[in-house]
Structures are given as C-alpha cells and as structure tokens.
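In: Please work out how this folds:
(chains A and B)
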2 protein chains.
Amino acid sequence: MYDITKRRSIRKYSDREVSNQLLHSLLQRAEQTQTMGNLQLYSVIVTRSDEKKKELAPAHFCQPMVEGARVVLTFCADYNRCTEWCLNRKAHPGYDNLLSFLNAATDALLYCQTFCHLAEEAGLGLCFLGTTIYNAQQIIDTLQLPKLVMPVATITLGWPDEEAPVSDRLSLQAIIHEETYKPYTPADIDQYYTAKEQLEENRRFVEINGTETLAQIFTDIRYKGDDCKAISESLIATLKLQGFL
Amino acid sequence: MYDITKRRSIRKYSDREVSNQLLHSLLQRAEQTQTMGNLQLYSVIVTRSDEKKKELAPAHFCQPMVEGARVVLTFCADYNRCTEWCLNRKAHPGYDNLLSFLNAATDALLYCQTFCHLAEEAGLGLCFLGTTIYNAQQIIDTLQLPKLVMPVATITLGWPDEEAPVSDRLSLQAIIHEETYKPYTPADIDQYYTAKEQLEENRRFVEINGTETLAQIFTDIRYKGDDCKAISESLIATLKLQGFL
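Out: Residues are numbered from 1 along each chain as shown, chains lettered A, B, ... in the order given. Presented below is the predicted three-dimensional model:
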C-alpha cells in the first residue's frame, strides 16, 4: 500500500510506456478535486513527442528529466475556456485581472497535486518542476497558450528507475501556529533548522559550494534576490501579455 | 477504502472532536509533499477557539462552515520563516517580490491539497474556502500574520454530518490538450458544457436567479467583472503591505 511518508521525487525513468489509458484515468479521477464554483479553471497540456520535450527543456533550465520522462504534463491556470463558454452564452465575463489569475492558479495547483497523489499511488514516479513560472513565456510560445492561460506547474512522469532517498522535513512544530502566528525567535530558528544543517548531505553541500552556511547556498547561489527581482519583472510582463494584469 | 470519484465538499459537521493527535498526524504526513528547494515555504494557522472563528467568519462572507466546523485551517504562503533563518545565518535574503510570493503560494497550495487528500482518506469532511484571497487583509489582521506571510487557502474541517452529493465535472476531453493548446470552437463549447447546463439542479438554479443562461449566473451574480477588478486592487495593496510587491 502507498505510504506517503516514503514519498520522494523521481528524476530517472525506465523505458516502460505510460499508457494513455492509465494517464487519462488518473487525470479524470483527479477532476473530483474541489474547484472554484465548479468552473474547473485549469487545462493540462500533455507532451509526449521528443520534439516538444526538446523545445520545453530550456524553459526548465535543461534539467534532464524533461527529455528523459515518458510524459511531461504542463498544468495551466485557464480562464480562456470559461470565458469562451460565457461569450457563447450571452454572458459578459471580466476575468482579466489578478484575482482571477490567482483563482485559476489555485484550481490548477490543487488539481495537479491530486493528480500527483493518485499517480504515486499507482506506482508512477514524478518530479514537480518549480521552474515553470521562471520562463513562462517560453512555455507559452512552445505550447501555444492563448490569452487567459498561464502555465503554473510542470510534472515529469514515468515508471521509476531509481531508488531516490526520502528528503528530510522540518518538525511539524516549525510550521503550525495555534490561533495566531507566533514570530520566530533566534532560539526557534536554531531549534527548527539545526537538524537540517547538520545532515551529512547538507554539510557536504556547504563544503562543495564554498559557503559558510547552508542558508547562503539559497541566498547566494540557488535563489538570489537579484534574480528573483528580475524574474518577477518578466513574470509581470508575461501576466500582462496573457491578459491577467 | 477511500474512493476519490465519490469525493465531495462537506459543509455540515458533527459534534465529534477532531483530536490534535489525528490533526497533527495528518499535517505532519502531508509535509512529505514536494516543496521548492526543500524550503517548505508555508505555515498553517490552526483555529479552534470560537472567538477566532467568529472573527474569521466575515472574511469568508459569513459562510456558516467557519463557525460550524471543529477546526479551521488557514494555509499561508510563508517566506518569513525562511527569511528569519537566512538572517540568523549570515545570509542576505531577497524574497520580497512576486516570484517569491508565487513560489510560496505554490508550496502552500500543494501542501494543503495533500492534507485534504489524507484527511478525506481518514474519513474527515472538509470544505475549501476560495474566499481566502478576497478579504486577505482581514485574515492577516485576525491571525496576526507578519510581512512575507500571505493566506492563500482555508479549510473547514470536521466529521461529516451530511450526505452531500458528488458534483458533476467536465469530460476529460474538455481539459486536456495533446502537444499544443487547441482553441475551443463554439461547437466544442456546446459539446463540453451542454450536459452541465441541462442538469436539473442547474436549470433550477437559472430559474431561481432569473438569468437566461447558466454562464450569466457567474458573470452577473457570483463573480462579476467589476467585483473581480475591485478585489484585485485590494489584493495588490495587501501583497504590497505584506512585502511581496
């Protein structure tokens, strides 16, 4: 039986096919996820062709999972279909704004996560690519997404061909707050993050990267403030082009 | 065994307690959800007190589930904890931008949905309140959320005290696209939406609301364009106050 406490991302996949029958069954069952006003403000683009995987790869910083996976799924916030429905039904939609984008993104992400859960229960392995919104415009061009459609998540999918380790997580105490948010004191930070910092793999990670602390790997190498600012600017430009801002 | 094709939102709950032991076990197991750079950019505020439920209710348009549920969970995009960690570790974080908000919101929503799945598997009933971002500022004030923390989802939770019907969904064909996005023609819209429009409950819904079409209920009553625009403005103001814009 599937045990979520053992779940881990899978980045290497076997040659075994992921049939359309299985894929469609999982995508369809996931549709029972809650959705705003039962509008289902999402679409999924299924990429199976080598050509399209190759085109998508640079948008995901050429991580090898994109070309190595049997299937790549791009989950999109989609107000286009709903808008078309309205326009065909004498209704006047006004969903070209940030609230509507966030509502559709929420629908798409919840749907995506139910799909992930069902796929993993079925024995498939997957990796969630957080890179989707970093180069959204490239993905939009490749998948020919119209206005009011914005990619928000990408899943690479296949049958596992590796025994990946389970990642550590913060203690529950670190992420829950009773009744009101309790500010984190320096002592709290020490309590919650020391175990992570002392993991053998993280100590090696710090050594290889030549930083003084693990946190510096994130701020100075992986997710630099200047990069985040620049990408935010292009993200805003893309949201405008897609009609959401 | 839990069958997702039978899932439905539950809005009426019995008096039976939801123990902290069960709640914490579910929240902890859900932590195995994928998360950006293993940073876990989310927090959960647990509301059990009648006083806080009463304060939260207006932010959710006084839907009775908020005061009627044993537990209310507010899932937040949280870059504050990570930022505090960095500041305590000689690192210089720069996560006061839209990209970082969307990364944290994604983390929070994926985590939330895994929790929902586990809670429903355990027999609990829940309702996802999409209203969270409509009156985010009120929620921020009530739960005392600091900068770089933004509520993105609310779950009301309890043991079911109703037999709610399963909602219809669009056919899978309506939401998937092979290789590239296929624009919806008027014939597609008819094909995908007619069944929904002809459901007895939706025909009655149109009659009660005095509209000509089902779509008009959404555009003219439930999610009016002018309202979406106005709420988008206050959402932008709140994101600025929380330090994400």
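
In: and A:Ser167, helix, strand or coil?
Out: Taking DSSP: H, G, I helix; E, B strand; the rest coil as the rule, one finds A:Ser167 in the coil state.

In: Skipping its backbone neighbours, what lies nearest it in space?
Out: What sits nearest to A:Ser167 in space, not counting adjacent residues and going by C-beta to C-beta, 6 or more residues apart in numbering or on different chains, is B:Asn38, at 5.5 Å. C-beta: built from backbone N, CA, C; applies to glycine.

In: residues contacting the one you found?
Out: Shown in contact with B:Asn38 (C-beta atoms under 8 Å, 6 or more residues apart in numbering or on different chains): A:167-169.

In: Of these, select the buried ones using a PyMOL command.
Out: Only the buried members of the contacts of B:Asn38 end up in this PyMOL selection, burial being decided by 16 or more other C-beta atoms under 10 Å in any protein chain shown:
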select buried, chain A and resi 167+169
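
In: which one of the contacts of B:Asn38 is nearest chain B?
Out: Using C-beta to the nearest C-beta, A:Arg169 is the member of those that sits closest to chain B, with 4.3 Å.

In: ok, the residue of chain A most remote from its centre to chain B distance?
Out: Ranked by distance from the centre of chain A (C-alpha atoms, centre = their mean), the top residue is A:Lys90, with 35.4 Å. Taking C-beta to the nearest C-beta, to the nearest Å as the criterion, A:Lys90 is separated from chain B by 6 Å.

In: What separation is there between the residue nearest to A:Ser167 and A:Asn80?
Out: When C-beta to C-beta, to the nearest Å is applied, the distance between B:Asn38 and A:Asn80 equals 34 Å.

In: So which elements touch the longest helix anywhere in chain A?
Out: As assigned by DSSP state H, the longest helix anywhere in chain A is helix A:98-121. Under the contact criterion of 3 or more C-beta pairs under 8 Å, 6 or more residues apart in numbering or on different chains; DSSP states H and E, helix A:98-121 touches helix A:20-30, strand A:42-47, strand A:71-78, strand A:125-129, strand A:149-158, helix B:98-121, strand B:149-158, helix B:225-241.

In: Now render those as a markdown table, adding distance to A:Phe115.
Out: Putting these into a markdown table (distance: least, C-beta to C-beta, whole Å) gives the following:
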| stretch | distance to A:Phe115 |
| --- | --- |
| helix A:20-30 | 4 |
| strand A:42-47 | 8 |
| strand A:71-78 | 8 |
| strand A:125-129 | 9 |
| strand A:149-158 | 7 |
| helix B:98-121 | 10 |
| strand B:149-158 | 18 |
| helix B:225-241 | 27 |
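
In: Can you lay out the ones you listed as a markdown table showing distance to A:Phe61, mean neighbour count and mean pLDDT?
Out: Output for the helices and strands packed on helix A:98-121, formatted as a markdown table (distance: least, C-beta to C-beta, whole Å; neighbours: other C-beta atoms under 10 Å in any protein chain shown; pLDDT from 0 to 100):
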| stretch | distance to A:Phe61 | mean neighbour count | mean pLDDT |
| --- | --- | --- | --- |
| helix A:20-30 | 25 | 17 | 98 |
| strand A:42-47 | 17 | 24 | 98 |
| strand A:71-78 | 14 | 26 | 98 |
| strand A:125-129 | 9 | 23 | 98 |
| strand A:149-158 | 12 | 26 | 98 |
| helix B:98-121 | 15 | 24 | 98 |
| strand B:149-158 | 26 | 26 | 98 |
| helix B:225-241 | 27 | 16 | 98 |
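
In: Relative to B:Thr132, which of the ones you listed is closest?
Out: Distance to B:Thr132, taken as C-beta to C-beta, is lowest for strand B:149-158 among these, at 4.7 Å.

In: so how far is the helix or strand just after the closest one off the chain centroid?
Out: Using DSSP states H and E, the helix or strand that follows strand B:149-158 towards the C-terminus is helix B:172-175. On the basis of C-alpha atoms, centre = their mean, to the nearest Å, the separation between the geometric centre of helix B:172-175 and that of its chain is 23 Å.

In: Could you tell me the end-to-end distance of stretch A:23-37?
Out: By C-alpha to C-alpha, to the nearest Å, the extent of stretch A:23-37 from end to end equals 26 Å.

In: Please apply the same query to stretch A:43-51.
Out: One end of stretch A:43-51 to the other measures 21 Å (C-alpha to C-alpha).

In: outside of it, which residues touch it?
Out: Applying C-beta under 8 Å, 6+ apart, the contact partners of stretch A:43-51 are A:23, A:27, A:53, A:56, A:67, A:70-76, A:78, A:81, A:143, A:145, A:149, A:151, B:175-181.

In: just how off-centre is that stretch within its chain?
Out: Its chain's C-alpha centre lies 16 Å from the corresponding centre of stretch A:43-51 when counted by C-alpha atoms, centre = their mean.

In: cool, stretch A:233-245 as well?
Out: Counting by C-alpha atoms, centre = their mean, stretch A:233-245 comes out at 19 Å from the chain centroid.

In: and that stretch, does that touch chain B?
Out: Yes: residues of stretch A:233-245 are located near chain B by C-beta under 8 Å from any C-beta of the partner chain, namely A:235-236.

In: How about residues contacting that stretch?
Out: Taking C-beta under 8 Å, 6+ apart as the criterion, the residues outside stretch A:233-245 that touch it are A:79, A:96-98, A:100-101, A:133, A:136-137, A:140, A:145, A:147-150, B:98-99, B:102.

In: and A:His60, backbone torsions?
Out: phi -110, psi 30 (degrees, to the nearest 10).

In: Please identify which helix or strand holds A:Ile189.
Out: When elements are assigned from DSSP H and E, A:Ile189 belongs to helix A:186-198.
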